[in-house]
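# Next come a sequence and a model predicted from it.
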Amino acid sequence: GENVEQHPSTLSVQEGDSAVIKCTYSDSASNYFPWYKQELGKRPQLIIDIRSNVGEKKDQRIAVTLNKTAKHFSLHITETQPEDSAVYFCAADSGNTPLVFGKGTRLSVIA
Amino acid sequence: DVKVTQSSRYLVKRTGEKVFLECVQDMDHENMFWYRQDPGLGLRLIYFSYDVKMKEKGDIPEGYSVSREKKERFSLILESASTNQTSMYLCASSLIQGMTEAFFGQGTRLTVV
C-alpha cells in the first residue's frame, strides 16, 4: 500500500522567512496530493492540493511542487506570519484507497 | 457551508465500556472515514466506507468496528474500551475518492480510564 514520509517533523522559522516541507510517496498510481493545516485545537483543513498532471500550483503565499518521477512533493510558504504556525500534513491518494497522510510537521513562526 | 459534525468534543469512559462515536455529514458524500490522531504518529486510518452498509478496514482496525446504516452517518464503535485507545478521533467525508477534498469533523478527544 501507499506510504507517505514527511520531513521535517518540526520547523521553526523567523517571521518573514520561507518554510519548506517535503514529502515522498511510494505508490506510483497516486495522483492527488493535498496539504492540510491544523491549528491548535481545530480540525485539519485543506490549504492547497495538486494533481499528477500539474507540476506546480500557487495560491498567494503558498505553493506546492510535484515531481512524479522522483515521487516527491513539497509545500512552500513564503513571507511567513505568526498565523502560519500550525501542524501541516501532506497526503497522497491513488483513488483506489483512502488518503494516506504523512506524520505531520509542526511549524512555528517566531515573531 | 460544508459540515461534518461529531457528536462529542470530549468523552471520558471506563475500561471495558462499549463506546460509540457518531459522525454526521450534510454534503451527501459517498465516502466517510475514521482516523485516529496521536502525537508524532499523524493521522491513521481506522475504518472507511464508500457506501451505505459498506465498510472497509484501514490500517489500525483492531479493537474497533463501524456502522453505516444511513449515507450521512458513520459510527465508530469501541467494543471494549482500553486505555491504549485514549486518543483524538477524527471523522472525515469526501465526494469522490482520489479527486476531491476530505472534510473533517472537529474531533472527539476520548480518554479511557
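That came through fine.
# Residue 81: what's it in contact with?
Looking at chain A here, since you left the chain open. If you count contacts by CB atoms under 8 Å, 6 or more residues apart in numbering or on different chains, A:Gln81 has them with A:Glu15, A:Val109. Using the backbone N, CA and C atoms, a C-beta is placed for each residue, glycine as well.
# Please refer instead to chain B.
Counting by CB under 8 Å, 6+ apart, B:Ala81 touches B:Lys13, B:Arg14, B:Thr15, B:Gly16, B:Glu17, B:Lys18, B:Val19, B:Leu110, B:Val112.
# Verify the stated contact: the second one with B:Thr111.
Just to be clear, that refers to B:Arg14. No: B:Arg14 lies out of contact with B:Thr111 (CB atoms under 8 Å); the separation is 10.1 Å.
# Those two: which is more packed in?
A count of neighbours by other CB atoms under 10 Å in any protein chain shown puts B:Thr111 above the other of B:Arg14 and B:Thr111, at 13 against 9.
# Provide the strand pairings for the helix or strand harbouring the more buried one, with the direction of each partner.
Using DSSP states H and E, B:Thr111 falls within strand B:108-112. With DSSP bridges as the test, strand B:108-112 is paired with strand B:10-13 (parallel), strand B:87-94 (antiparallel).
# Please work out which of these is packed deepest.
Comparing the strands paired with strand B:108-112 by mean neighbour count (mean count of other CB atoms under 10 Å in any protein chain shown), strand B:87-94 comes out on top with a mean of 23.
# for that strand, what is the average pLDDT?
Averaged over strand B:87-94, pLDDT sits at 96.
# mean confidence for the strand holding B:Thr111?
Strand B:108-112 comes out at a mean pLDDT of 98.
# worst-scoring helix or strand of chain A, pLDDT-wise?
In chain A, no helix or strand scores lower on mean pLDDT, DSSP states H and E than strand A:100-101, which sits at a mean of 92.
# hang on, the earlier thing: can you redo the strands paired with strand B:108-112 as a markdown table with distance to B:Lys55?
Below are the strands paired with strand B:108-112 laid out as a markdown table (distance: least, CB to CB, whole Å):
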| stretch | distance to B:Lys55 |
| --- | --- |
| strand B:10-13 | 22 |
| strand B:87-94 | 14 |
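# Give me every residue in chain B lying close to chain A.
B:31, B:33, B:35, B:40-45, B:48, B:58, B:90, B:94, B:97-99, B:101-102, B:104-107 (CB under 8 Å from any CB of the partner chain).
# now, among the contacts of B:Ala81, which is nearest to chain A?
Of all the contacts of B:Ala81, chain A sits closest to B:Leu110, with 15.6 Å by CB to the nearest CB.
# Over in chain A, which residue gets nearest chain B? Let me know.
For chain A, CB to the nearest CB, closest residue to chain B: A:Gly95, 2.6 Å.
# show me where chain A has strands.
A:4-7, A:10-14, A:19-25, A:32-38, A:45-51, A:56-59, A:62-67, A:72-77, A:86-92, A:100-101, A:105-110 (DSSP state E).
# What strand or helix carries the spatially most central residue of chain B?
Residue closest to the mean C-alpha point of chain B, counted by CA atoms, centre = their mean, is B:Trp34 at 2.9 Å. Here B:Trp34 sits within strand B:31-38, counting by DSSP H and E.
# give the contact list for residue 32.
Since no chain was named, I'll use chain A. A:Asp49, A:Ile50, A:Arg51, A:Ser52, A:Ala92, A:Asp93, A:Gly95, B:Gly98, B:Met99.
# ah, I was thinking of chain B
B:Cys23, B:Gln25, B:Phe48, B:Ser49, B:Arg68, B:Phe74, B:Cys91, B:Ala92, B:Ser93.
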